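Trainee: Take this sequence and fold it.
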Amino acid sequence: MIHCLSVGPIGENVYIIEKSGTPVVVVDPGAEPGRLIAETIAAVGRSAAPGVLVALTHGHLDHVAALPGLLAGLTARGIPVRTFAPAGDRDYFGDQAKATNERIFASIQAMAFFSKHWVAIPEADEYYEHGFVLPGTDITAIHTPGHTRGSSCFLAEGGSSLLAGDTLFRDGRGRTDNFDADESTILHSIRERLCTLHDAVRVWPGHGEQTTIGREKRNYH
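Mentor: Next comes the predicted model:
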């Protein structure tokens, strides 16, 4: 089961995936850590999960700002938790995180957002590549660069759901006006790695409403 929570001032979608007996997966904890802690703990209780995996589709601040608070809250309650981030976005985590995110938000004239919401983003426990399967689950990473170098999606629920991050939206795609973004690359990612999925696959984007592969692929002939 996938739960969607819209958080923060720009409506970033956080996804909590639960399945009985397997780790709860939290995708892109962008804001409101207190709310995310409560929802994650509830999911752990319902599914008798052995722990929590936090999976990031990319490193932009609006998708990771609640990560430190979420990790602290779960750890304080004795819940095992591990984090996974795309290898291509390593500079968004650890020592380079602030400078990288500051460069992003300065370039789009959104420093007010950066200044208000910046928190130190820790290194991930593991950096994944295309085809990586989150441990103990059937959730597979699909590398879809273009919005960032490491941008990825997660194929879940037996391949019937795609958590698309900021790669693919309903009637749109991720912006490509930053130093590590590229329009031709994101178009290639969508055409070659997403439009090849079954038309019925439900797309859960990083912002906005759900859609399907079949609906969106019409825009990418």
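
Trainee: got the buried residues for stretch 54-68?
Mentor: Neighbour-count burial for stretch 54-68 flags 54-67 (criterion: 16 or more other C-beta atoms under 10 Å). Where C-beta positions appear, they are placed from N, C-alpha and C, glycine not excepted.

Trainee: Which of the residues you listed fall in helices?
Mentor: Those of the buried residues of stretch 54-68 mapping onto helices are 61-64, 67, per DSSP state H.

Trainee: quick one: buried residues of the helix or strand containing Gly69?
Mentor: Per DSSP states H and E, Gly69 falls inside helix 67-76. Residues of helix 67-76 classed as buried: 67, 69-71, 73-74 (neighbour count, 16+ other C-beta under 10 Å).

Trainee: in the chain, which helix has the most residues?
Mentor: Max-length helix for the chain by DSSP H is helix 33-47.

Trainee: distance of the spatially closest residue to His198 that is not a sequence neighbour from Leu168?
Mentor: The shortest distance from His198 to any non-neighbouring residue, by C-beta to C-beta, 6 or more residues apart in numbering, is to Ile213 (6.6 Å). Counting by C-beta to C-beta, to the nearest Å, the separation of Ile213 from Leu168 is 9 Å.

Trainee: hey, what's in contact with both of the two?
Mentor: Residues touching both Ile213 and Leu168 (C-beta atoms under 8 Å, 6 or more residues apart in numbering) are 162, 194, 203.

Trainee: Among these, which one lies nearest to Gly11?
Mentor: Distances from Gly11 to these, taken as C-beta to C-beta, are shortest for Val203 (16.3 Å).

Trainee: Is it correct that that closest one is in contact with Ile213?
Mentor: Yes: in this structure Val203 lies within contact range of Ile213 using C-beta atoms under 8 Å: 6.3 Å.

Trainee: between these two, which one's more packed in?
Mentor: Between Val203 and Ile213, Val203 has the larger neighbour count (other C-beta atoms under 10 Å), namely 23 against 20.

Trainee: Pairing partners for that one in the sheet, please.
Mentor: Beta-bridge partners of Val203, counted by DSSP bridges, are Leu162, Thr211.

Trainee: and it, what does it touch?
Mentor: So Val203 contacts 162, 164, 168, 170, 210-213, 216 (C-beta under 8 Å, 6+ apart).

Trainee: Phe154: what secondary structure?
Mentor: strand (DSSP: H, G, I helix; E, B strand; the rest coil).
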